[in-house]
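Participant: need coordinates for the following:
(4 chains)
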Protein chains: 2
Amino acid sequence: MANLDAAFSALADPTRRAILARLALGEATVMELAEPFEMTQPAISRHLKVLEGAGLIARRIEGTKRPCRLASSAVTEIDQWLAMLRRALEANYGRLDQVLADMNPKK
Amino acid sequence: MANLDAAFSALADPTRRAILARLALGEATVMELAEPFEMTQPAISRHLKVLEGAGLIARRIEGTKRPCRLASSAVTEIDQWLAMLRRALEANYGRLDQVLADMNPKK
DNA sequence: CAGTTATATAATAAACTTATTATATAACGG
DNA sequence: CCGTTATATAATAAGTTTATTATATAACTG
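Facilitator: All right, here's what the predicted structure looks like:
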């Protein structure tokens, strides 16, 4: 549950979501990830640290480079939590049906 | 996209997730929602405002009460965004299969 | 090896977030 | 109408996050 905090708050930032969207296309180094943003390299390094801490990305060491790729653990955890809300929302529609059914009761 | 910021950052807080979990069981008033927490009522009112602003809950006015219930719009939007990551993660496994296949090439 | 490239870390300022207390508002019950 | 209940708002203090600059480290390149 503590990890959901990290995962959701990592996703709350548009720069970080853009980084993830870029990584959805495939692995990329820090410099490649930084390039499209009007932001310094240290700022991107920090965002990557946040994403890694949240379990949203993983990194390899390759010489002087640190290629990043998407990781699945956090997405799985988030999906499981959201499933609860989805179920509840569906159940609420079910309840509405129930209410409508009860308006014309048997007896 | 601006709304994803609000939705994810609303979900980043454990108190707010607990409120949503409570609402998954059905509608509740502000006082009912506040009761399990060691936190003042104004603090809960603020959390509810954040959840409402993110499109995660909706509220009715019923006399002096403001019963809250789950709303679906934000969940839908989040799901759509996460679907992109899920697709990419699956594609990455696909790529791994590809790599393994390429290790024993036709020619 | 000297210079360059890729990345990380630290100090710090600015901008947000969250909780508290105090207070306001508005409907309810007698 | 008065007191109470349900909720919201404002001021504010404390804590957190984010970006910047400056600097460090470590691997590559000629």
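
Participant: pretty sure residue A:14 is touching residue B:8, no?
Facilitator: No: look at residue A:14 against residue B:8 with CB atoms under 8 Å: they stay out of range, at 9.8 Å. All C-beta spots, glycine's among them, are computed from the backbone N, C-alpha and C.

Participant: DNA strand D contacts on chain A?
Facilitator: Residues of chain A lying close to DNA strand D by CB under 7 Å from any atom of the strand are A:9, A:12-13, A:15, A:38-40, A:42-43, A:46-47, A:50, A:63-64.

Participant: tell me which entries of the residues you listed lie within helices.
Facilitator: Among the residues of chain A next to DNA strand D, the members falling in helices (DSSP state H) are A:9, A:15, A:42-43, A:46-47, A:50.

Participant: what's the farthest-apart pair in the residues you listed?
Facilitator: Taking CB to CB as the measure, these span a maximum distance of 19.9 Å, between A:9 and A:42.

Participant: of these two, who's got more company?
Facilitator: The residue with more neighbours, out of residue A:9 and residue A:42, is residue A:9; 17 against 9, by other CB atoms under 10 Å in any protein chain shown.

Participant: strands along chain A, start to end?
Facilitator: Secondary structure of chain A (DSSP state E): strands located at A:57-59, A:68-70.

Participant: not counting the last one itself, show me its contacts.
Facilitator: It refers to strand A:68-70. Strand A:68-70 has contacts (CB atoms under 8 Å, 6 or more residues apart in numbering or on different chains) with A:20, A:23-24, A:26-30, A:33, A:48, A:51-52, A:56-60, B:85, B:88-89, B:92.

Participant: and the residues you listed near DNA strand C, which?
Facilitator: Near DNA strand C, by the rule CB under 7 Å from any atom of the strand, you find A:29-30, A:48, A:59 out of the contacts of strand A:68-70.

Participant: mind putting those into CSV with neighbour count and pLDDT?
Facilitator: Output for those, formatted as CSV (neighbours: other CB atoms under 10 Å in any protein chain shown; pLDDT from 0 to 100):
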residue, neighbour count, pLDDT
A:29, 16, 98
A:30, 17, 98
A:48, 20, 98
A:59, 18, 96
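
Participant: in space, what's closest to residue A:7 - neighbours in sequence excluded?
Facilitator: Of all residues not flanking residue A:7 in the chain, residue A:74 sits nearest, at 4.2 Å (CB to CB, 6 or more residues apart in numbering or on different chains).

Participant: surely the one you found is in contact with residue A:58?
Facilitator: No: using CB under 8 Å, residue A:74 makes no contact with residue A:58, being 10.6 Å away.

Participant: okay, these two: which has more neighbours?
Facilitator: More crowded of residue A:74 and residue A:58, by other CB under 10 Å: residue A:74, with 23 against 15.

Participant: what is the burial count for residue A:46?
Facilitator: Neighbour tally, residue A:46, other CB under 10 Å: 12.

Participant: give me the pLDDT for the nearest residue to residue A:79 once chain neighbours are set aside.
Facilitator: Nearest residue to residue A:79 in three dimensions, chain neighbours excluded: residue B:82, at 6.7 Å (CB to CB, 6+ apart). What the model reports as pLDDT for residue B:82 is 96.

Participant: with the one 4 residues further on instead?
Facilitator: The model reports residue B:86 with a pLDDT of 94.

Participant: chain neighbours aside, what residue packs nearest to it?
Facilitator: residue A:75 (6.3 Å).
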